[in-house]
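S.K.: model the following, please.
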Amino acid sequence: MFVHRWSRGFASNAMKIPTTHLKQHKKLMTPDKFKNLANAFFDKVELAITPLHPPMNQVFRVERTKTPAKLTIQTETHSFELVVLTKVQKIEFTSPISGTRLYVYNSKSLRWEDEVDSHDVEGLFTRDLMRMCSGLPQF
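M.R.: Next up, the predicted model:
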């Protein structure tokens, strides 16, 4: 009987290749800390878009609600929405250009980053908004 000696050794030296769809779950922060960070971000957005109000743009409205925590920006032709998803500790950004994206807070960079490719929400928000109105947010 013929036995392949290399097959046993080969199997024990097999490498495991990580898959991209398996993500490590990050620890959730305390509800109060998350709420404070989300509110601070909404404050930052509202301040950044202050120069875009009339007379810079004839139609530029901002509405902020507490329950649910949401910030809606209406231009002449489109609206953008930021929603706080408290249970999963994420911010959802909906744009007529980029669609809906989810952002998590990165405590190292101190920014809200896309959970898939780590881009910053401020950058995408600025890029999309500047296509729909005059002026730029001042982040």
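
S.K.: is it true that Ile73 lies in a strand?
M.R.: Yes - read with DSSP: H, G, I helix; E, B strand; the rest coil, Ile73 is one of the residues of a strand.

S.K.: now find how far off-centre the helix ranked longest in the chain is within its chain.
M.R.: The helix that spans the most residues within the chain, counting by DSSP state H, is helix 31-48. Relative to the chain's own centre, helix 31-48 is displaced by 13 Å; criterion: C-alpha atoms, centre = their mean, to the nearest Å.

S.K.: do stretch 95-115 as well
M.R.: On C-alpha atoms, centre = their mean, the centre of stretch 95-115 falls 1 Å from the chain's centre.

S.K.: please renumber so the chain begins at 30
M.R.: Okay, residue one is now 30; in that scheme the one you just asked about reads as stretch 124-144.

S.K.: pull out the buried positions in it.
M.R.: 124, 130, 132-134, 140-143 (16 or more other C-beta atoms under 10 Å). For the C-beta atoms, the positions are set from N, CA and C on the backbone; glycine is no exception.

S.K.: same check, this time on stretch 66-80
M.R.: Quick answer for stretch 66-80 (16+ other C-beta under 10 Å): 66-67, 70-71, 74, 77-78.
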